[in-house]
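Student: Next one to model:
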Amino acid sequence: MSMSAVVATVDLRTLARPTALSESVMVGKDIMELLAGAMYADPLMIYREYVQNASDSIDEAREAQLGFDEPAQIIISFDHVGRNIKIKDNGTSIAGEDFVRKLTSVGASTKRGKEQRGFRGVGRLAGLGYCQELIFRGRSSSDHKVHEVHWNGRKLRDLLRDATYDGGLAEIVKEVVTVMQLPSDGFPERFFEVEMCKISRLRNDILLNEAAVRLYLSQVAPVPFDPDFKFASTLQAYLDERGIRAPISIQLADGKGPIYHRVTNQIAYSPVASDEIEAVNFLELKDSDGNRFAFGWILKHQYLGSIPKKLGLGGIRLRAGNMQVGDDAILAPLFPETRLANWVIGDIHIVSRRMKPNGRRDDFEPSVHYAHFQDEIVLLSRSLTQAIRISSAQRARITKIRQHMGQANEWLKIVSERLIPDMAKVSIASMLVQRLLQAEKEIAKLDEGSLVRRVAEQEFETIKVDVLKMKARGERALKRIGKLKPAHRAIRVALEVMMSNAQTPKSGLLMSLKLLEATNLTS
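Tutor: The predicted structure is shown next:
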């Protein structure tokens, strides 16, 4: 009896067993360079980080019903001589027993999972890369003393450049941080303050430029709408109904009053061209289960062109916790033409917990839920693009209408001021009737019931009366001339061509009179 051998292949890797890491983990000093400013492409983003933390603190105080001696607010003050900035709020602050621990920990925020804007615990160090010293100063309502934590930015940079320094993250923090306590005299009962000393001079000194800071915060911060904005109460009621927290007053110590949301009643495209906000349209975005994951609003206007970037107004902005994420171009890649994204004005509030801003807060973390949101925006952008193109077509029609009626008015004025030969009257009357018919066709293409159509129709009816009178004069002149010879009919056609294509009615009339003189038809 024969036997056959069976050979089994064994993967030796399956016999191995994973073991816990026994080596100590080294978090090097260079991580501080990333946290202290390198994460942010725009220096102004440090204001967003500190305003975000201050806003969370104020919301905590409101929810705890701590009460406010003065309105809940954030005050930003500038010392241009000393090159210092202070950002102060009257929120809950940080209790004395936690003050040092919280303000020296890195990436250890207790906010994750809560309904708060910041949650990674790194934004508080954002200003360190732009000043020589960063000071956190505060007092909670239960403290008798004011606590301070000083981060020495100059020393930090020296240690980061020192190739011989081999300390890790914890060691370098201990090297550059000092703490102290101050008597409470002269300080509010409850406050928190960030002070950046000896600010670096960057990009036209932008960090100490009140106008630049005001414009930036009007876009990114949870500030109220300007009471003078005609849809302010409508928009605020809409946000209140959907659970967006109350706005927070932010003031620069420049005597110019509080900062308001970026929207305005008018869009100033240039010193001579502007557009008016006409209405507000609302949108709700829901998932397949009918749950709302985002909502927002878009302002209706005439879409005269790309909104100048210097206004800080254009684009559909994304917001989480009523703080802007990214910039005016965050949704531009989702438009059929990216340039059209800045023709629109709007905000979309992301309320789904499944969509989180990334660490730099310049976009959202990639996820299937964010991808679904982007798909919805693609559909919205197509609708907006169509509206922009329709508006552009309307403006082109309005331009044609104005040209036809403007030319007609000029010709009518010339006829009323000068003696015109009968042959010229006949041609002018015929040309004006054609202009009137062309204007009427363009008016019929405008949106029925729209304001521009109603205005155009009113202007048309006014000029129509005068054109019909001119038509009657042309008919009487034709009777006086009698039957036209073939040569005269050719001259009449030539007159109409010259008049219709002349740069101005005056030049058209001048050429016509010369032709009539040359052909002895001036009577």
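
Student: Buried by neighbour count: which residues of the one helix or strand Leu160 maps to qualify?
Tutor: Under the criterion of DSSP states H and E, Leu160 resides in helix 153-161. Along helix 153-161, the positions that meet the burial threshold by neighbour count (16 or more other Cβ atoms under 10 Å) are Gly153, Leu156, Arg157, Leu159, Leu160. (Glycine included, C-beta is placed from N, CA and C.)

Student: How about stretch 127-145?
Tutor: Of the residues in stretch 127-145, those with enough neighbours to count as buried (16+ other Cβ under 10 Å) are 127-140, 143.

Student: how much space between Pro227 and Arg214?
Tutor: Between Pro227 and Arg214 the distance is 17 Å, computed by Cβ to Cβ, to the nearest Å.

Student: what about the helices in this structure?
Tutor: Per DSSP state H, the chain has helices spanning 31-33, 45-63, 96-104, 153-161, 169-176, 210-220, 232-241, 368-417, 422-445, 451-481, 486-501, 505-518. These are given in chain order.

Student: Return the most buried member of those.
Tutor: Mean neighbour counts were compared across the helices of the chain using mean count of other Cβ atoms under 10 Å; the top stretch is helix 45-63, at a mean of 22.

Student: Tally up the residues packed near Leu21, please.
Tutor: One way to gauge burial is a neighbour count; for Leu21, by other Cβ atoms under 10 Å, it gives 7.

Student: and Phe191, what is it in contact with?
Tutor: Lys88, Asp89, Asn90, Ser93, Gly138, Arg139 (Cβ atoms under 8 Å, 6 or more residues apart in numbering).

Student: ok, it to Ile75 distance?
Tutor: Computed as Cβ to Cβ, the Phe191 to Ile75 distance reads 10 Å.

Student: what's the overlap in contacts for these two?
Tutor: Counting by Cβ under 8 Å, 6+ apart, the shared contacts of Phe191 and Ile75 are Lys88, Asp89.

Student: Now do the same contact list for the residue nearest to Ile388 when sequence neighbours are not counted.
Tutor: Across the structure, with Cβ to Cβ, 6 or more residues apart in numbering as the measure, the residue nearest Ile388 apart from its sequence neighbours is Tyr303 (4.6 Å). Contact criterion Cβ under 8 Å, 6+ apart gives Asp275, Trp343, Val344, Ala387, Ile388, Ser391, Ser392 as the residues in contact with Tyr303.

Student: need those residues in CSV with distance to Val455 and pLDDT, can you?
Tutor: Listed next are these as CSV, based on distance: Cβ to Cβ, whole Å; pLDDT from 0 to 100:
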residue, distance to Val455, pLDDT
Asp275, 16, 91
Trp343, 23, 96
Val344, 25, 97
Ala387, 20, 91
Ile388, 21, 92
Ser391, 16, 85
Ser392, 19, 86
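
Student: Show me which of the residues you listed is closest to Ala237.
Tutor: Within those, proximity to Ala237 (Cβ to Cβ) peaks at Val344, which comes in at 22.4 Å.

Student: contacting residues around that closest one?
Tutor: Contact partners of Val344, counting by Cβ under 8 Å, 6+ apart, are Ile298, Tyr303, Gly314, Gly315, Ile316, Leu384, Ile388.

Student: Swap in 6 Å and give it another go.
Tutor: Contacts here follow Cβ atoms under 6 Å, 6 or more residues apart in numbering; on that basis Val344 touches Ile316, Leu384.

Student: Please report phi then psi for it.
Tutor: phi -110, psi 150 (degrees, to the nearest 10).

Student: so how far is the first residue of stretch 203-212 from its last?
Tutor: One end of stretch 203-212 sits 11 Å from the other (Cα to Cα, to the nearest Å).
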